[in-house]
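Trainee: below is the structure, and that's it, no one-letter string:
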Ligand SMILES: [Zn+2]
């Protein structure tokens, strides 16, 4: 009988400890759920097709207003207003929406136009080029291939070796210093 009682006592203590542990775990997961960067990382996970697809409401929550206006509403920032225009540091320029690498500082040049300009992209597959006939102009729009965010336009008056000028809004980019 004594043995039975001690086993029963042992079982009661075990279940009490497991209840305590379960409560701690659920408190932890609630803390993680309220952490915005944790949520963002999950949101920006590409799907099976490699695309990041968020609703306008979700983009609005995670992007700065200037980045939202350019990336999602195809607006253009004022010339000479962008924070990365005069950036001469070595590093990589990422899409401000989905963080895909887009341009290397090695291909940035001073075009005099008032927008950050690059003569090449990091990989052909990281951007998509779309014919843009808005405002009565014939231009080639450049969008991020992963999140379809508008970046700017590409023109054929750039320097060697490509002869291209990727004219990109600062607000559509994040800079990752080397
Ligand atoms: Zn992107």
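Mentor: In hand now; what should we look at? Quick caveat: nothing in here was measured; it's all calculated off a predicted structure.
Trainee: okay, the residue nearest the centre of the chain and residue 157: tell me how far apart.
Mentor: The residue lying closest to the centre of the chain (Cα atoms, centre = their mean) is residue 98, at 2.4 Å. Separation of residue 98 from residue 157 (Cβ to Cβ, to the nearest Å): 29 Å. Backbone N, C-alpha and C define where each C-beta goes, glycine included.
Trainee: if we can go back for a sec, in what helix or strand does the nearest residue to the residue nearest to the centre of the chain once chain neighbours are set aside lie?
Mentor: Distances taken as Cβ to Cβ, 6 or more residues apart in numbering put residue 147 closest to residue 98, at 3.9 Å, once the chain neighbours are dropped. Using DSSP states H and E, residue 147 falls within no helix or strand.
Trainee: is it true that residue 147 touches residue 95?
Mentor: Yes. Using Cβ atoms under 8 Å, residue 147 makes contact with residue 95 at a distance of 6.4 Å.
Trainee: now do the shared contacts for those two.
Mentor: residue 71 (Cβ atoms under 8 Å, 6 or more residues apart in numbering).
Trainee: those two: which has the busier surroundings?
Mentor: Legend: neighbour count by other Cβ atoms under 10 Å for residue 147 and residue 95, higher for residue 95 (25 against 21).
Trainee: the more buried one: what's it in contact with?
Mentor: 71, 102, 144, 146, 147, 149, 151, 172, 173, 174.
Trainee: spatially nearest residue to it, not counting backbone neighbours?
Mentor: Residue 95 sits nearest to residue 144 (Cβ to Cβ, 6+ apart), 4.2 Å away.
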